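below are the sequence and a predicted model; questions follow.
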Amino acid sequence: MKATFGIVALLALAFATAASAASPREIYRDYADNGRLDRNYSKSDLLRAKNDAAIQGYGSPTVAGGLGDEIEQQLGGTAGRTGGTLPFTGVDLALLTAGAAFLLMLGWGFRRLGRARQ
């Protein structure tokens, strides 16, 4: 009896954390009703809402833009920021092309060497 109760209690605790997580839509609705977040959300919930494609692509521009600022404010301004990326310069494309040319020349050389020995 005690073992069954313990297992049920552990399962309830395990599923309670997943059920209490806020979805990006809930966070969006919370912000859209009055222009601010009224509840306290976890860092992972806020980051998930900030990166949600539906909010970024289909949310109202004023609401979705302001929501990002509000999320940044709740995260402390710098939390959750990713480093900037460099623009595409074509160097990686040039390196891939050079590598492909090297492999083609190597294959052509082996083919020629194989014919010369026959």
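Here it is on my side, so go on. Predicted model, so just to flag it, every value in this text is computed and none were measured.

any low-confidence regions in the protein?
Along the chain, segments meeting pLDDT under 70 span 12-20, 57-65, 77-86, 117-118.

just give me the longest helix of it.
helix 91-117 (DSSP state H).

how far off centre is that one?
Distance of helix 91-117 from the chain centroid (Cα atoms, centre = their mean, to the nearest Å) equals 38 Å.

wait, residue 35 touches residue 67, no?
No - Residue 35 is beyond contact range of residue 67, at 9.3 Å (criterion: Cβ atoms under 8 Å). C-betas here are computed from N, CA, C, even on glycine.

what about residue 108, neighbour count?
If you count neighbours by other Cβ atoms under 10 Å, residue 108 ends up with 10.

again, but for residue 9
By other Cβ under 10 Å, the residues close to residue 9 number 10.

ok, now how distant is it from residue 68?
Separation of residue 9 from residue 68 (Cβ to Cβ, to the nearest Å): 39 Å.

mind exporting the C-alpha coordinates of stretch 49-57 to CSV?
C-alpha atoms of stretch 49-57 as CSV (Å, rounded to 0.1, in the frame of the first residue of the first chain):
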residue,chain,number,x,y,z
ALA,A,49,8.0,32.1,-26.2
LYS,A,50,10.7,34.5,-27.5
ASN,A,51,11.8,32.0,-30.1
ASP,A,52,8.4,30.7,-31.0
ALA,A,53,7.9,31.0,-34.8
ALA,A,54,4.1,31.5,-34.6
ILE,A,55,4.5,34.5,-32.4
GLN,A,56,7.3,36.0,-34.5
GLY,A,57,5.6,35.3,-37.8
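
shared neighbours, residue 35 and residue 67?
Counting by Cβ atoms under 8 Å, 6 or more residues apart in numbering, residue 35 and residue 67 have no contacts in common.

those two: which is more packed in?
The neighbour comparison of residue 35 against residue 67 (other Cβ under 10 Å) goes to residue 67, with 27 against 11.

do I have it right that the more buried one meets residue 49?
Yes - checked against Cβ under 8 Å, the pair residue 67 and residue 49 is within contact range at 7.3 Å.
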